[in-house]
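Trainee: With the sequence up front, the predicted model follows.
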Amino acid sequence: MTTKIPYLDLPAQIRSLRPELDAAIARTLDNCSFCLGPDVAQFEKDFAQFCGAQHCVAFNSGTSALHIALMLLGVGPGDEVITTPFTFVATSWAISYVGAKPVYVDIEDSTMNLNPKLIERAITSKTKAVMPVHLYGQPFDIDSILAICKKHKLPLVEDAAQSHAAKYKGKIVGTFGEISCFSFYPGKNLGAAGEGGALVTNNAEFAKRARSLREHGSTVRYYHDEIGFNYRMEGIQGAVLGVKLPHLQKWTDERRRVAHRYHELLKDTPLQLPCEAAYAESAYHLYVVRHPQRDQLKEYLDANGVGCALHYPLPLHLQKCYASLGYKNGDFPISEKAARECLSLPIFPELTDAQIQRVAEVVKNFFR
């Protein structure tokens with residue numbers, strides 16, 4: 001019987017780092033530094049340096065970081081934020097949390113990122129920010145979107161939750177907008193041993209206020225300057241991320257190896273393969289192929305021991321939670337088509353060439 005190929009093999013990564021992780025977690029336990037603490041502070045410093053940014057503020061999730069990012073920009077009730085309908089819901093949650101309205105713009109068919117050509121027609125007097133996503137680790141068209149933001153005096157927030165170490169024109173994403181936000185959910189390219197996130201910025205005042213807001217609106221204990229939140233990163237997550245960060249570039253290179261091998265093996269199939277724009281160096285958080293027979297292909301892969309997943313089967317404008325926005329089927333046809341066709345194949349740094357070939361063989365057998 002052929003060994004099943006997992007969609008994601010987190011145990012393989014943990015095994016390779018287990019002694020370092022055990023030591024780091026033991027140190028946190030010995031210090032009893034469970035909320036923030038020295039490990040989180042060191043990780044903030046190291047991740048800021050990795051991104052080429054001046055400040056990194058660690059949070060308990062990427063969702064919390066996005067929420068605070070919009071608060072820092074003064075976005076509130078009655079305001080609008082332009083974003084993509086084709087991503088994980090957390091991007092829109094942040095807009096809703098501050099009382100603003102997500103205004104969706106359709107995506108490019110090739111990259112599945114926010115289409116810059118459609119942004120200006122969505123701008124109104126209520127628009128207060130633009131928040132695109134570097135989807136699946138593929139950087140969005142930053143220069144084109146930045147030009148629109150500058151023209152209309154709108155801040156750009158990079159949702160970089162899926163794009164640790166991805167590059168735009170040779171520079172790591174995360175420092176192009178006023179603020180960028182990352183997620184360290186365990187399945188991410190840089191994942192914690194639980195939830196985690198970060199806000200990255202070059203604005204010292206933003207960083208200072210973000211630190212206060214994540215800790216109950218306080219800079220001096222028991223004195224609260226504004227209504228804040230319990231959004232602190234746990235000490236153990238800072239310790240784990242500190243162990244993993246030095247490996248991130250190597251892991252990214254390995255993900256790119258896997259993706260390029262898939263490109264070679266699947267180029268003659270009817271699949272629409274991931275498109276890396278000329279300006280981009282994708283971190284390949286996901287390797288998403290597309291085909292109208294997606295559901296049948298998924299069933300076939302599952303039946304033949306190849307793990308796969310859907311990212312994302314229902315666009316945000318059609319989700320029940322956002323029915324009040326008044327969008328309907330057909331409003332964003334490219335996003336809707338992508339949602340019907342997308343299928344994520346196994347991709348992780350430890351994936352062997354034999355496993356990649358096996359995945360490709362099963363895909364080809366389906367089309368035969």
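Mentor: Noted; the coordinates are in hand.

Trainee: from here on, contacts and neighbour counts on C-alpha atoms
Mentor: Fine.

Trainee: where are the low-confidence patches of the stretch 151-300 of the chain?
Mentor: Scanning the stretch 151-300 of the chain for pLDDT under 70 picks out no residues.

Trainee: Do a quick rundown of the strands in it.
Mentor: With DSSP state E, counting those that start in this stretch, the ranges of strands along the stretch 151-300 of the chain come out as 157-159, 167-168, 171-172, 179-183, 197-201, 218-220, 223-224, 280-281, 287-290.

Trainee: Counting neighbours, which bits of the longest helix seen in the chain end up buried?
Mentor: Ranked by residue count, the top helix of the chain under DSSP state H comes out as helix 10-31. Buried residues in helix 10-31, counted by 16 or more other C-alpha atoms under 10 Å: 20-21, 24-25, 28.

Trainee: re the thing from before, just send the strands of the stretch 151-300 of the chain back as a markdown table, with distance to Gly330 and mean neighbour count too.
Mentor: Putting the strands of the stretch 151-300 of the chain into a markdown table (distance: least, C-alpha to C-alpha, whole Å; neighbours: other C-alpha atoms under 10 Å) gives the following:
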| stretch | distance to Gly330 | mean neighbour count |
| --- | --- | --- |
| strand 157-159 | 25 | 27 |
| strand 167-168 | 31 | 20 |
| strand 171-172 | 35 | 18 |
| strand 179-183 | 30 | 29 |
| strand 197-201 | 34 | 28 |
| strand 218-220 | 46 | 15 |
| strand 223-224 | 47 | 12 |
| strand 280-281 | 30 | 22 |
| strand 287-290 | 19 | 21 |
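
Trainee: do you know which of the ones you listed lies nearest His134?
Mentor: Closest to His134 of these is strand 157-159 (C-alpha to C-alpha; 6.4 Å).

Trainee: hang on, the earlier thing: next, format the strands of the stretch 151-300 of the chain as a markdown table and append distance to Ala354.
Mentor: A markdown table is the format used below for the strands of the stretch 151-300 of the chain (distance: least, C-alpha to C-alpha, whole Å):
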| stretch | distance to Ala354 |
| --- | --- |
| strand 157-159 | 34 |
| strand 167-168 | 28 |
| strand 171-172 | 31 |
| strand 179-183 | 31 |
| strand 197-201 | 34 |
| strand 218-220 | 53 |
| strand 223-224 | 57 |
| strand 280-281 | 25 |
| strand 287-290 | 17 |
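
Trainee: between these, which one is nearest to His311?
Mentor: strand 287-290 (7.9 Å).

Trainee: who touches the closest one?
Mentor: Strand 287-290 has contacts (C-alpha atoms under 8 Å, 6 or more residues apart in numbering) with 136, 259, 271-274, 311, 338, 341-347.

Trainee: quick one: it to chain centroid distance?
Mentor: A distance of 16 Å separates the centroid of the chain from that of strand 287-290, by C-alpha atoms, centre = their mean, to the nearest Å.

Trainee: same deal with stretch 339-355?
Mentor: 17 Å.

Trainee: average pLDDT across that stretch?
Mentor: Averaging pLDDT along stretch 339-355 yields 98.

Trainee: Likewise for stretch 70-89?
Mentor: Stretch 70-89 comes out at a mean pLDDT of 98.

Trainee: what's the closest of the buried residues of helix 10-31 to Met112?
Mentor: Leu21 (35.8 Å).

Trainee: Please enumerate the helices of the stretch 51-200 of the chain.
Mentor: With DSSP state H, counting those that start in this stretch as the criterion, the stretch 51-200 of the chain has helices at 62-72, 90-97, 142-151.

Trainee: thinking again about what came up before, compare the strands of the stretch 151-300 of the chain and give me the one nearest Asp9.
Mentor: strand 287-290 (14.6 Å).

Trainee: Using CSV, list the CA coordinates for the closest one.
Mentor: Extracted in CSV, the C-alpha atoms of strand 287-290 (Å, rounded to 0.1, in the frame of the first residue of the first chain):
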residue,chain,number,x,y,z
TYR,A,287,0.4,25.8,-3.9
VAL,A,288,-3.1,26.3,-5.3
VAL,A,289,-4.1,24.8,-8.7
ARG,A,290,-7.4,25.5,-10.4
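
Trainee: quick one on the thing from earlier: nearest to Pro246, out of the strands of the stretch 151-300 of the chain?
Mentor: Nearest to Pro246, of all these, is strand 171-172, at 15.2 Å by C-alpha to C-alpha.

Trainee: Can you name the residues in contact with that closest one?
Mentor: The contact list for strand 171-172 (C-alpha under 8 Å, 6+ apart) reads 51-52, 165-166.

Trainee: Among those residues, which one lies nearest to Ile107?
Mentor: Ala166 (19.2 Å).

Trainee: Could you measure from the spatially closest residue to the closest one that is not a sequence neighbour over to Asp302?
Mentor: Of all residues not flanking Ala166 in the chain, Ala283 sits nearest, at 4.5 Å (C-alpha to C-alpha, 6 or more residues apart in numbering). Computed as C-alpha to C-alpha, to the nearest Å, the Ala283 to Asp302 distance reads 25 Å.

Trainee: Perfect, I'm done here.
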